[in-house]
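[1] sequence first, predicted coordinates after that:
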Amino acid sequence: MSNYSLTHLEELEAEAIYVIREVYAQFDNPAILFSGGKDSIVVTHLARKAFWPAKIPFPLVHIDTGHNFPETMEFRDNLIKEMSANLVVGSVQQSIDEGAVVEETGMNASRNALQTTTLLDTIEANNFDACMGGARRDEEKARAKERFFSHRDDFGQWDPKNQRPELWNLFNGKKRMGEHFRVFPISNWTEMDVWQYILKENIAIPELYFAKERNVIWRNGSWLPVSEFITLKDTDEPQMKMVRFRTLGDITITGGQESNADTLEKIIQEVASSRQTERGNREDDKRSESAMEDRKRQGYF
Amino acid sequence: MELLRFTTAGSVDDGKSTLIGRLLYDSKSIFEDQVQQIEQTSKKKGLEHVDLSLFTDGLKDEREQGITIDVAYRYFATPKRKFIIADTPGHVQYTRNMVTGASTANLALILVDARNGVIEQTKRHTFIASLLQIPHIFVCINKMDLVDYSQEAYDRVVKEYTDFAAKLNVKDVRFVPMSALHGDNVVSRGENMSWYEGGTLLHNLETVHISSDHNLRDCRFPVQTVIRPHSDEYHDFRGYAGRVAGGVFKKGDSVVALPSGLESKIAAIHTMTGELEEAFPPQSVTITLEDDIDISRGDVLVRSENRPEGQQDLDVMLCWLNANPPRPRAKYVIKHTTAEARAMITDIQYKMDINTLHRMEEDKAIKMNDIARVKIRSTKPLFADDYTVNRVTGSIILVDEATNETVAAGMVR
């Protein structure tokens, strides 16, 4: 028995670092799409490891819907300061003000779909030619078909039926002017891998992931946080509950689940015994069976 | 826990999607909301049972037409191992997808319908698995329920397959009789095949020995990029970042940089969490050398007594992946590890008939999904190994300069 074998986390880490270094080597102006969620935090951590002892050579791009959890923003700003990295913010509010997009109205209104326009405008304005994200193939059926290096045309669109074949670890980042790539270094990770890695590497994450008493209402099968961005119905009954968030998106669409998991170890136990997928509490995915595929085609994350 | 990557080949009729669905369902890797979604879709289609195959169909077009048009990746884990499945369609026109899925796999599942035995498609899948040098092949003899779980039927397929595979370069072949529809021998044994003495498919997947699948003999470290922090603390730091493609590199080892041929010693092997005494595949590390020699992306560090030869004329088994056939005397970008050059196909020796394994020396017109033995001339020497010796340093892709598309994948001989 040889000692020359890696654990699954070590192998996934080595693969992700390799991908991130390929991005640096093959593109002129790459960036990391940073949402403040655990997956983009892990990608950022991997990027630090890939270039250590040099500083992280990418700016972090945050598409700010204006509907954020305040904790996420604070976390973002602290991380940027600690790494002395650059932050680029694309503002959905600005896209609305400039008339580039029209805001949804009504009870289930969300700015989720509007992000695509702001994201593509931000990519264009900054001439980013590769944007790394924390999307994983296990998250959703359309994402299961993503490449590591995912080509986008000059409208930022994804053409899932005409993707470049990706063989071995030979990544083809060649493109014409105006086109760009989305790159997913943790494509092969599962939700469990991400949590185990956060524990192993002792990576800081927003406290929203940990169970805590929070002011919430019950809506569409999950506990939605009460905030200034949500329209309350007469029948809504805000109450304090021990709740944690399994994924972090906009405050208006991210449902929490009742939980007592207030440590990483307890979260891992909870994830291991969960019978629901991670994005089960995401209103943005419930809109139709191909909600993710349709948004991805247009240029969504 | 180790990670096993496997690919599955077979068509709709073999019950491939049902097998994967069964593997995921019985190992409790399908979540309740996914089961609900599949139940709804099954009902909408007027089916009485829950169609497990729906779980593996990803894109809208595929769900509507009930076919798989691209490689889809699935993930599951048992307490013993983590698995990544590259699920590829098995039709002849999808050879390119099979090759893609096979390129990163440690193991291939090949489905055979127990009623039909070894057919053209089985041969095609096995040939591609051997061409891509997948170290382990598990032949799943499926639909045993339709041959009354008969041992004779199983033995007949095993013999047919063994006779055929003897002509190919395949290493570890195992057979499992099963019924994916009813679950026999997939995750649990069931009671219908007491004559079968081997383990279930999952048991085999959990226990097959994979840690020696990497090349640990021939030291190869393709340099991805050079790390220069320019900080006060690391003022003179000059590190070569890359992923070990072969062999074991140790601190203090003498190494040679190619193509320059300049020699030095490994000063240290760095990671953010501390220095390593040695590095082996597929680790990503940063190496510093004792001497300041000129090394950049595309160069490779090797041991002086074990050097790959720089080749400008490469002998390659090529799989053509693009709808546009190669243009005569056209120039392509060739990518080999982290190196890149321009290249031209200078000679087509023969095409393979992937159903009969015959060499076609008359018909040399390469089209999409064709596999051909060719000569490629590169503008600069590439330090490639024989693909059968190292899958990382023996593989290349061709990129069309006009469209930027990846048009071909090749294995160096």
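    Received it, and whenever you're ready, just let me know what you need.
[2] for chain B, what are the nearby residues on the stretch 151-300 of chain A?
    Proximity of the stretch 151-300 of chain A to chain B (C-beta under 8 Å from any C-beta of the partner chain) is limited to residues A:160-161, A:163-170, A:172, A:174-176, A:187-188, A:190, A:192-193, A:274-277, A:280, A:289-290, A:293. Any C-beta I mention is one placed from the backbone N, CA and C, and that applies to glycine too.
[3] in helices only, show me those residues.
    Mapping these onto helices (DSSP state H) picks out A:192, A:193, A:293.
[4] report the contact partners of the second one.
    Think residue A:193. If you count contacts by C-beta atoms under 8 Å, 6 or more residues apart in numbering or on different chains, residue A:193 has them with A:8, A:9, A:12, B:82.
[5] 10 Å instead?
    Contacts for residue A:193 (C-beta atoms under 10 Å, 6 or more residues apart in numbering or on different chains) come out as A:8, A:9, A:12, A:13, A:42, A:136, A:138, A:186, B:3, B:75, B:77, B:82.
[6] the second one: neighbouring residues, count only.
    The number of residues packed near residue A:9 is 19, by other C-beta atoms under 10 Å in any protein chain shown.
[7] what about stretch B:321-340, start to end distance?
    End-to-end span of stretch B:321-340 (C-alpha to C-alpha, to the nearest Å): 19 Å.
[8] which residue is the nearest non-sequential neighbour of residue B:45?
    Residue nearest to residue B:45 in three dimensions, not counting chain neighbours: residue B:51, with 7.3 Å by C-beta to C-beta, 6 or more residues apart in numbering or on different chains.
[9] give the full set of residues in contact with that neighbour.
    Residue B:51 makes contact with B:17, B:18, B:21, B:38, B:39, B:41, B:42, B:43, B:45, B:57, B:66, according to C-beta under 10 Å, 6+ apart.
[10] gap between the third one and residue B:217?
    Shown here: residue B:21 relative to residue B:217, a distance of 40 Å by C-beta to C-beta, to the nearest Å.
[11] give me the more crowded residue out of these two.
    Using other C-beta under 10 Å as the criterion, residue B:21 and residue B:217 rank with residue B:21 on top: 24 against 11.
[12] look at that one and give its secondary structure.
    For residue B:21, the assignment made with DSSP: H, G, I helix; E, B strand; the rest coil gives helix.
[13] ok, it to chain A distance?
    As judged by C-beta to the nearest C-beta, to the nearest Å, residue B:21 and chain A stand 13 Å apart.
[14] quick one: pLDDT of that residue?
    We have a pLDDT of 85 for residue B:21.
[15] for it, what are its contacts?
    Residue B:21 is in contact with B:15, B:30, B:38, B:50-56, B:74, B:180-181, B:186, counting by C-beta under 10 Å, 6+ apart.
[16] leaving out chain neighbours, which residue sits closest to it?
    Among residues not flanking residue B:21 along the chain, residue B:52 sits closest, at 2.8 Å (C-beta to C-beta, 6+ apart).
[17] tally of neighbours for the one you found?
    Look at residue B:52: counted by other C-beta under 10 Å, it has 24 neighbours.
[18] phi, psi for it please.
    phi -60, psi -20 (degrees, to the nearest 10).
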